[in-house]
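Novice: Got a sequence here, can you build the structure:
(2 chains)
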Amino acid sequence: MRRPDPDHHDGTADATPGGCDDARRPGELAFVVLLLLASLALLWSAYGISGFEALSAPGSVPMAATTAMVVTSMIVVLRTARLPRSAGETLRRDILPGVVVIFVLLLIAYALLLKPLGFLPTSGLFLMVSIRILSGRGWGFALTVSAGSLLAIWLIFRIVFTVLMPPGIVPEAEFIQIFRDLGAGGR
Amino acid sequence: MEVLTPLLTVFAEPQLLALVALGTFAGIYVGAIPGLSVTMAVSILISFTFTWDVYPAISLMIGIYMGGVYGGARTAILLNIPGAPSAIATALDGYPMARRGEAGTAIGVTTVMSCIGGFVGIGVLALAAPLVSDFALRFQPRDYMLLALLGILLVGSLSTGSLVKGIFAGALGIAIGAVGRDPLTFTERFTFDLQILEGGISFIAVMIGMFGVSEALLQLHHVDKPAIRQKIDRIVPSLATVRKHLPLSLQTSTIGVVIGALPGTGGDIAALMAYDHAKRVTKHPERPFGDGAMEGLVAPETANNAAVGGAFIPMMTLGIPGDAVTAIMIGALFIHGLNPGPMLMIDRPEMFWFIVGALLTANVFMLIFGLTGIKLFTRIVEMPRSVLIPLILLLSIVGAYAVNNSIADVYWMLGFGVFGYFLRHYGYPLGPVILGVILSRLLDDNWRRAIISEREDLGRFFAGIFSSPLSTVLFIGVVLIFVSQTPLWRRLKARVLRPSGT
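Specialist: Next comes the predicted model:
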């Protein structure tokens, strides 16, 4: 497999997925076994759609697809089980470092808070916390950068792209109306 | 006239022209910033532009696509980090040139060559697409089914070492695409009696999750990687340099168009094949390949930009995407009520010519922006990842929410993001998943149409395949992909190649 540089070695580009061809990465066996189990469950569910009623039944293509999933994941499980463990890789460091877990949690928190709190406060909080964690610099830096970029994002997407985000506790529409009135009054 | 007017629509409306320019400009940066991919940008943009009219939305996305393919070369040259998969081959000789202090020359040559390649690709698109689409009108449902299958398999087999994982990914995509109520019989499929699954899973949520969130999560591994500064000298290449490499660039452009036009193969493979070709035909390079040979820069850059035009041929005429990015462009056209396929050329020819015009314009803007603004460019590329990654994640969430104003889509997006993160880690390609999701409907409909017309008889179905030359070729293609993965093929290849090899 091609590995043009360390930065893209683990699947950062669409064309070069990560993984090792000749070694088993940490957690890989568990993952492929899970995929096999999920494929079996899906095959069962696909069989339940219309069974072997007819070749043109709504369940045929789902059954064909899930059969392909079961067969391929079985091959992958067998192959993976035979491979030696990759040297020097650990689950905590190479597959699921703490920072990734933290970010997944942050994203879940974001999705939960988006509706009740509204787009601007949730995004502001998210940007501030995540920039603080990643950059390792002070709150002042995090606050400035996140406020600046949030303003830019809001201007671009709310005004230019007219995307409606949940307003939550911030009276966005009223703000925009005030500015519109100011603009109209000036003319 | 009926061709010229829509072709020039872009120029008639300053707003569209500005959007193409803006898109190209943004695309160059998106392509160049490691960690931002064109696939990611276009998938997020779809969700923001879906309330727009079709012309402005397409203008912006075409600009991004064209600029992005070129932009990846910048960081490949300056930092040895291909900003996009299609720039992998560019780094091989581009970075050695930059290390010798010739970064400016390398960027200049890349820009001009990308532009030449782009024009060749668009030219072929304009000439070939009407012909292909006439031909495609004769396609039977089974041909569409085989073509879709072939596309998914090609993406699965060519982009990675493991076809098995590619097939799994493609099948998974088809299954995801089947979730919800069956459009023909209203039978529930994979809904597990859950109400949120009845309407199916929004493919934009899958797309943004897989290409936006999972990529951003992976980038978290490299937060601390420092940016490297390069000195940049003169940029605009001399006419003599361009003329010297013109013959090679035309050859590699041709490779690019052909590879790009094959369903399932895109700019990355075109670039690598063109690089190989250049290595073979250049007898006396000024410097050895891999050490800063100009030819090693010309070949991949012409090819990957020519592949853009090539990739649009099957996309516009058959509705079969060439790679992940074109799959997403198809998604964009769908959202704006256009159905890529042979009927598009008959029902909405003006749309096709408008797209050709927009591509041409984007190509010109690429040349202009490519040869100017390098100072600003190096600034933006050095934007720290600690700021970039949170922004990408934020945009992914906003994008997933914006399409249907639904929080459920955000959860799907996050779920597929985390799932995609693991898939990437364990060597599963994501392109086939997206292709599967997008082609699932086409595959299913055409399979059912084909088998019903053969009175549910598999024997008659296969007899039908072998009675038509086109179906036969497609069928053999599908079979060949499987055979090519077995030990038998390797032995055969070794036997055939050994006598001619040096």
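Novice: Got the confidence number for A:Phe161?
Specialist: For A:Phe161, the pLDDT comes out at 69.
Novice: What distance do you get for whatever residue of chain A ends up closest to chain B to B:Thr75?
Specialist: Chain B sits closest to A:Gly19 of chain A, with a gap of 2.1 Å, by Cβ to the nearest Cβ. (Each C-beta comes from the backbone N, C-alpha and C, glycine too.) Here A:Gly19 is placed at a distance of 24 Å from B:Thr75 (Cβ to Cβ, to the nearest Å).
Novice: Helix or strand with the lowest mean pLDDT in chain A?
Specialist: helix A:172-186 (a mean of 73; mean pLDDT, DSSP states H and E).
Novice: Can you give the distance from that helix to the centre of its chain?
Specialist: Between the centre of helix A:172-186 and the centre of its chain there are 37 Å (Cα atoms, centre = their mean, to the nearest Å).
Novice: Which parts of chain A belong to which domain?
Specialist: A:6-93, A:97-186 (automatic domain parsing).
Novice: Spit out the contact partners of B:Thr241.
Specialist: B:Val109, B:Met294 (Cβ atoms under 8 Å, 6 or more residues apart in numbering or on different chains).
Novice: and it, which of the three is it?
Specialist: Classification of B:Thr241 using DSSP: H, G, I helix; E, B strand; the rest coil returns helix.
Novice: Do stretch A:44-59 and chain B come into contact?
Specialist: Yes: Stretch A:44-59 lies within reach of chain B by Cβ under 8 Å from any Cβ of the partner chain, at A:Ser45, A:Ala46, A:Ile49, A:Ser50, A:Ala54, A:Leu55, A:Ser56, A:Pro58, A:Gly59.
Novice: From what I see, the second one and A:Ala68 are in contact.
Specialist: Okay, so that is A:Ala46. No: using Cβ atoms under 8 Å, A:Ala46 is not in contact with A:Ala68, being 11.1 Å away.
Novice: more neighbours, these two?
Specialist: Neighbour count, other Cβ atoms under 10 Å in any protein chain shown: between A:Ala46 and A:Ala68, A:Ala46 has more, with 25 against 19.
Novice: Mind pulling up the pLDDT for the residue in the stretch 201-350 of chain B positioned nearest to chain A?
Specialist: Using Cβ to the nearest Cβ, the closest approach of the stretch 201-350 of chain B to chain A is made by B:Asp268 at 4.1 Å. As summarised for this prediction, B:Asp268 has a pLDDT of 79.
Novice: does it really touch B:Gly72, like I thought?
Specialist: No: if you go by Cβ under 8 Å, B:Asp268 and B:Gly72 don't touch, sitting 9.5 Å apart.
Novice: rewinding a little: tell me the secondary structure for the residue of chain A closest to chain B?
Specialist: Going by three-state DSSP: A:Gly19 is coil.
Novice: so it makes contact with B:Gly427?
Specialist: Yes: A:Gly19 is in contact with B:Gly427 according to Cβ under 8 Å; the separation is 2.1 Å.
Novice: Would you mind listing what in the stretch 51-200 of chain B touches chain A?
Specialist: Checking the stretch 51-200 of chain B against chain A by Cβ under 8 Å from any Cβ, the hits are B:51-52, B:80-82, B:84-86, B:88, B:91, B:159-162, B:164-165, B:167-168, B:170-172, B:174-175, B:178, B:182, B:184-185, B:187-190, B:192.
Novice: Stretch B:424-434: how far from the chain's middle?
Specialist: 15 Å.
Novice: Check stretch B:46-54 too.
Specialist: 20 Å.
Novice: Provide the contact partners of that stretch at residue level.
Specialist: A:157, A:161-163, B:56-57, B:60-61, B:204, B:207-208, B:328, B:331-332, B:335-338, B:351, B:398-400, B:402-403.
Novice: for stretch A:76-91, same thing?
Specialist: A:20, A:22-29, A:32-33, A:35-36, A:95, B:162, B:164-165, B:168.
Novice: among the residues of the stretch 51-200 of chain B next to chain A, which are in helices?
Specialist: Among these, the members found in helices (DSSP state H) are B:Ile88, B:Ala91, B:Val164, B:Lys165, B:Ile167, B:Phe168, B:Gly170, B:Ala171, B:Leu172, B:Ile174, B:Ala175, B:Ala178.
Novice: Wait, a strand at B:Leu333?
Specialist: No: read with three-state DSSP, B:Leu333 is helix and lies in no strand.
Novice: Can you give me the neighbour number for the closest residue to it other than its chain neighbours?
Specialist: Of all residues not flanking B:Leu333 in the chain, B:Pro340 sits nearest, at 5.3 Å (Cβ to Cβ, 6 or more residues apart in numbering or on different chains). Using other Cβ under 10 Å, B:Pro340 has 24 other residues around it.
Novice: Stretch B:18-29 near chain A at all?
Specialist: No: contact of stretch B:18-29 with chain A (Cβ under 8 Å from any Cβ) is absent, the minimum separation being 10.4 Å.
Novice: Show the buried residues in the contacts of stretch B:46-54.
Specialist: Using 16 or more other Cβ atoms under 10 Å in any protein chain shown as the burial test, those include A:157, A:161, A:163, B:56-57, B:60-61, B:204, B:207-208, B:328, B:331-332, B:335-336, B:338, B:351, B:398-400, B:402-403 as buried.
Novice: my guess is B:Arg441 is in a helix, correct?
Specialist: Yes: under three-state DSSP, B:Arg441 sits within a helix.
Novice: Spit out the contact partners of the residue nearest to it when sequence neighbours are not counted.
Specialist: Excluding its sequence neighbours, the residue lying closest to B:Arg441 (Cβ to Cβ, 6+ apart) is B:Gly177, at 6.2 Å. Residues in contact with B:Gly177 (Cβ under 8 Å, 6+ apart) are B:Gly200, B:Phe203, B:Gly436, B:Val437, B:Ile438, B:Leu439, B:Ser440, B:Arg441.
Novice: And the fifth one, how close does it get to chain A?
Specialist: Between B:Ile438 and chain A the computed distance is 14 Å (Cβ to the nearest Cβ, to the nearest Å).
Novice: so how many other residues sit close to A:Glu53?
Specialist: 11.
Novice: Who are the contact partners of it?
Specialist: Counting by Cβ under 8 Å, 6+ apart, A:Glu53 has contacts A:Gly59.
Novice: Where do the helices of chain A begin and end?
Specialist: A:28-50, A:60-82, A:98-117, A:119-135, A:139-154, A:172-186.
Novice: what is the rounded mean pLDDT of the fifth one?
Specialist: Confidence over helix A:139-154, taken as the mean pLDDT, stands at 90.
Novice: for the third one, same thing?
Specialist: If you average the pLDDT over helix A:98-117, you get 91.
Novice: Tell me who's in contact with B:Val403.
Specialist: B:Ile46, B:Ser47, B:Phe50, B:Ser202, B:Ile204, B:Ala205, B:Asp409.
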